[in-house]
Every structure is written in C-alpha cells, then in structure tokens.
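Engineer: sequence-free structure coming up:
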Ligand SMILES: [Zn+2]
C-alpha cells in the first residue's frame, strides 16, 4: 500500500502529538466554517443571528462561540444541514449516496447526504486505521445489520469499510424492509450464511449478534471459522460482552475477540476501544472534533467532566454538523492512553443514553446500571425495563416499574428472584416481573436493536 498522505491528514495520526493534530484540525475547521457561513442553510443563518463571521471561529478553541445544535434542529429540517453541492468542486460535492438516521418518535427517517469527498474520506480513514479496529484483508465479514425500508448508516457503510481494506462481505438481509417484494431473510438463514461462507467476523448490533450466536447454538451450526465480533449500535456492558464470548467459546469459534464500536449515523465515523474497558478512541480526528458540553449553558467542559458529547465535522461536503449534540452522556480525555500509547482523544466513561437517566417515583435513576446487572444473568434470554403509570387509566398515577423477562421455563422462577434482588440494590422501587416470549421483547426480524428501556408515562 502506498502511504501518500494528503494534507487532509497526518501519517499515523492516532499517535501524533496533540498540538500537531490540533493544528491540522484548526486549519480544516477554518475551511469548513467559511463554507458553512456561505453555503450551509442552517449554520449560515445561525452565525448571522449570533453576529458571528468566519473570522470569529478560526480555531477549535474559538468554536465555543457557536451555539450547539441538536437532533431536534436536524429533524425539523434535515435538508438545511446539507452544504450547497454547487459550492464545492463536482469531484467533492457530487452526491455519492444517502443514508438515514432513525431515532425519531415520528418514525420518519432523516436523510444524511454523503458527498463523494465524504465517501472517499471515510474509505481512506478506515483503510489506514485497521491497526486499531483489527479487520484483515483476508477476513470474511457478515454484515448483520438489517435491511430496512431505508438505508441505515451502519448497513450501508459496512461494505465501504470492508471494501476499503479489500476483505469480503456477506449480506444477511434480516430485518423488515416493509416492501411488497419479500427481500428479507430470517435469522436461521443468517446463521447458515455464516456457516456457508466460513465467516470470520460477525458485525452488527450487540443484541442481534447475541441472537445469532444463540440461534447458532440451538441449530448446532458450525461457527468454528468465526474469530471476532464487532458490536455497535447500543451500549454493551462487560457482562454482555462476556456472554458473547462464552457463546463463541461454546460454539468452538477460532477466537473470541470482541471489538466495541461507538458511533452515530450523523457523525459518519466511529470510536473504538483499543482494549476492553480502555475507552473509545476517536478513529478520525482529522475529520471529527469531539467535545463535552454542559447542556444547560453550552459551555465546553474540561477533561474528565461528565456532560453531553458533541462533534464537529472538519471536512464534510454533504450533510455537515457543527457542535452537534449526540444525546449521550460521556467524559473525554486527551491524555496519552495508558493502555496503547495513542494520543487520539478517548471517551473514558461508558456512554449513557440521556434517555436512560430517568426519574422513577421522583428519584433519578441510571438505568444503565440496572442493565449492566441484568446482563450478568446468563439464563436471561432477553429483558425489557418498562416504566409506566401504575393505573393505566390514570396517566398521572404513581410510577410502576415492570421488568419483562424471557427465559427457559426451568430458569424463570430463580431469575425472578435474582432480578428482584438486583433491582433492590439500585433503587427503592420494587418492580413487577412479567414473563414473556423472547420475540415479544425483541423480534430480531422486526426491530434493528432491542429496546431495553420503555417509558410509557406521559410527558410532564
Ligand atoms: Zn488506547
């Protein structure tokens, strides 16, 4: 492979001194802010409203002058976040593809325009930085993301990454495209595809990869070729990863490596743990600037302080975000990583979806902690935490906590007892346990990922 680096990056950027990386980020940001001021519908308006000109935002430090933007802004008018394609040369601005984000309560997906320049930037970074992720050009990778009614970021970008390194990819096309053409295949077909192609890497949402392994065990499938699982799309606890490893071991897999990825469709990038529990490194500091923000004031928080993760695109030519709040609570570190020596910034806390911190009976509860504990129960097939009014006819009645669980009949009684004990360690609310079928909580052929927390209370 040639190592001709463009001025858009630095060689071995994940290990470069912080000031060298920051100088590159500042230079790229200046160019981006100039473009946004002149050709980005949302930010040109925002900057003018705030009486900001490009000269006011010349560095990543000065970026704090720009107010943050959020998913609500984006969903209100997704097209306003696309840079005018006419404003950049055609070889950069040509529309390569569109992916969509979900996460809306209306169910209406929002388009992310991926320009040719963005697509090549993505391929470049992933081809260069597999030393952190660990894919090899000899791998056969199962794309276990679902085929949905619209192209989801992960489904559509997985082949770009695989293609960038010259490995092979198998599509399993589970999910539900809701098309009149029956194009989806089932879970068993996904298991058989892994077997047939002697897949080496399983790549999907953690909860779905787990169901593939579970089903492979039930079918007695041959997963000996599998060496690694790459999981993303939902926070996974140590216990959840232990569970995946145990199942891989029981299947006689060649290895039981788990690579934990953290990203979002809007970012168009990923953060990767150099080793389990070490924190998520930014993989593309030449394309994304990360910061942690106090959501009340919009101020940037110092390393180690907990707040909302926000990112800024440094070189996008399609959909472009500046100081965009992701919706996860994290803390960040710019110190040299004690585990791997990389200088690339790291999320040093387990990202917690802001929706997982909720009030139950007036007390603030971090349900991520409860999820971590439930993941420790090996006999638990699936679970869901439901918060609802205790009287379904009175939306303002006392909160009720229901834990739905799915397990083999012989395990159900003991599990109920264990769960009551686990919950009591964390919150003073005694839950009601409900035994259900595992597909009732998470049908892998319908939903892209399991919904572990459901809040049915009316907004107040
Ligand atoms: Zn590291």
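Structural biologist: Ah, there it is. None of the values given here were measured: they were computed from a predicted structure.
Engineer: And the pLDDT for residue 107?
Structural biologist: What the model reports as pLDDT for residue 107 is 62.
Engineer: my bad, should have said residue 228
Structural biologist: 98.
Engineer: quick one, phi psi at residue 241?
Structural biologist: phi -70, psi -40 (degrees, to the nearest 10).
Engineer: check contacts around it.
Structural biologist: Going by C-beta atoms under 8 Å, 6 or more residues apart in numbering, residue 241 touches 231, 258, 260, 276. From N, CA and C alone the C-beta is placed, and that goes for glycine too.
Engineer: Could you count how many residues lie near the nearest residue to residue 50 once chain neighbours are set aside?
Structural biologist: Counting by C-beta to C-beta, 6 or more residues apart in numbering, the nearest residue to residue 50 once its immediate chain neighbours are dropped is residue 67, at 6.5 Å. If you count neighbours by other C-beta atoms under 10 Å, residue 67 ends up with 14.
Engineer: go on, residue 412?
Structural biologist: A count of neighbours around residue 412, defined by other C-beta under 10 Å, yields 16.
Engineer: what about it, distance to the ion?
Structural biologist: From residue 412 across to the ion, the span is 41 Å (C-beta to the ion, to the nearest Å).
Engineer: neighbours of residue 339, just the number please.
Structural biologist: 15.
Engineer: Repeat that for residue 362.
Structural biologist: Residue 362 has 7 nearby residues by other C-beta under 10 Å.
Engineer: likewise the one 4 residues further on?
Structural biologist: Using other C-beta under 10 Å, residue 366 is surrounded by 15 other residues.
Engineer: Isn't it up against residue 356?
Structural biologist: Yes - taking contacts as C-beta atoms under 8 Å, residue 366 lies within contact range of residue 356: 6.6 Å.
Engineer: Paired strands for the helix or strand bottoming out on mean pLDDT in the chain, with orientation please.
Structural biologist: Here the helix or strand of the chain ranked lowest by mean pLDDT, DSSP states H and E is strand 363-366, holding a mean of 74. Strand pairing for strand 363-366, determined by DSSP bridges: strand 357-360 (antiparallel).
Engineer: So what touches the strand it pairs with?
Structural biologist: By C-beta under 8 Å, 6+ apart, the list of residues contacting strand 357-360 reads 329, 364-368, 387, 399, 401, 427, 429, 453, 455.
Engineer: show me where the stretch 251-400 of the chain has strands.
Structural biologist: For the stretch 251-400 of the chain, strands defined by DSSP state E, counting those that start in this stretch occupy the ranges 257-264, 269-273, 280-282, 288-293, 307-313, 324-330, 332-333, 346-347, 352-353, 357-360, 363-366, 382-389, 399-406.
Engineer: Residues of the chain that sit close to the ion?
Structural biologist: Residues of the chain found near the ion (C-beta under 5 Å from the ion) are 274, 278, 337, 339, 340, 342.
Engineer: residues touching the fourth one, list them.
Structural biologist: Contacts here follow C-beta under 8 Å, 6+ apart; on that basis residue 339 touches 274, 275, 278.
Engineer: Look up how far the ion lies from the nearest residue to residue 327 once chain neighbours are set aside.
Structural biologist: Nearest residue to residue 327 in three dimensions, chain neighbours excluded: residue 354, at 5.4 Å (C-beta to C-beta, 6+ apart). In this view, residue 354 and the ion are 26 Å apart by C-beta to the ion.
Engineer: tell me the contacts of residue 354?
Structural biologist: Residue 354 neighbours (C-beta under 8 Å, 6+ apart): 308, 327, 328, 329.
Engineer: now the residues you listed as CSV including neighbour count?
Structural biologist: Shown next, in CSV, are those (neighbours: other C-beta atoms under 10 Å):
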residue, neighbour count
308, 21
327, 18
328, 19
329, 21
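Engineer: just these now: which is nearest residue 346?
Structural biologist: residue 328 (14.3 Å; C-beta to C-beta).
Engineer: what's the nearest residue to the closest one once chain neighbours are set aside in contact with, if anything?
Structural biologist: Nearest non-adjacent residue to residue 328, counting by C-beta to C-beta, 6+ apart: residue 351, 4.2 Å away. Counting by C-beta under 8 Å, 6+ apart, residue 351 touches 235, 262, 280, 309, 328, 329, 330.
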